[in-house]
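Chemist: Starting from these lines, generate the structure:
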Amino acid sequence: PGVTYYYKVQAMVKRPGYTTYHPSSLPSSPVLGIALGKTSISRVSALGRDRVTLGWAAVSGATGYKLLRSRTAGGTYSLVKNVYGTSLTVTGLSPNTAYFFKVQPFKKVGTTSVLGPLSAYRSVRTLK
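Modeler: I've put the predicted structure just below:
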């Protein structure tokens, strides 16, 4: 009585080795009265045939960031990794291939993750 609960449903598909989150299921949420700001990917660079590095702006109050990847700008983005800093080198990529990345801040509150808004995508092509 007198307590408001907020719930969030997120569509995902688990496959061996990765999990796919559908873009329409990643909006920000005012769960527990917490709102996170939006980040932007400030640095993308191909380091070789199979790796790229990315950097993004810190968001106040964020515990970490979900790094998401797609092969097309408007495609389905899959979780690469939860990152607890503001940069990551992604390895195991295909040579001479374009990749599109987005970053989403999150804050852990007990067993719940509050998600912030998705960044705009940035693209990078691995070296030949």
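Chemist: Can you give me the separation between the closest residue to Leu68 other than its chain neighbours and Ser70?
Modeler: Closest residue to Leu68 apart from its sequence neighbours, by C-beta to C-beta, 6 or more residues apart in numbering: Tyr77 at 3.8 Å. The way it works is simple: take the backbone N, C-alpha and C, and place the C-beta from them, glycine included. Per C-beta to C-beta, to the nearest Å, Tyr77 is found 5 Å from Ser70.
Chemist: okay, and the common contacts of those two?
Modeler: 100, 102 (C-beta atoms under 8 Å, 6 or more residues apart in numbering).
Chemist: re the thing from before, how far away is the residue nearest to Leu68 from Val103?
Modeler: 10 Å.
Chemist: Residues that sit against both of the two, list them.
Modeler: Listed as contacting both Tyr77 and Val103 by C-beta under 8 Å, 6+ apart are Leu68.
Chemist: the bottom helix or strand of the protein by mean pLDDT?
Modeler: strand 18-21 (a mean of 77; mean pLDDT, DSSP states H and E).
Chemist: Give me the residues contacting it.
Modeler: Strand 18-21 is contacted from outside by 10-13, 66, 68, 76-79, using C-beta under 8 Å, 6+ apart.
Chemist: could you redo the last one with a cut-off of 7 Å?
Modeler: Strand 18-21 is contacted from outside by 10, 12-13, 68, 76-79, using C-beta atoms under 7 Å, 6 or more residues apart in numbering.
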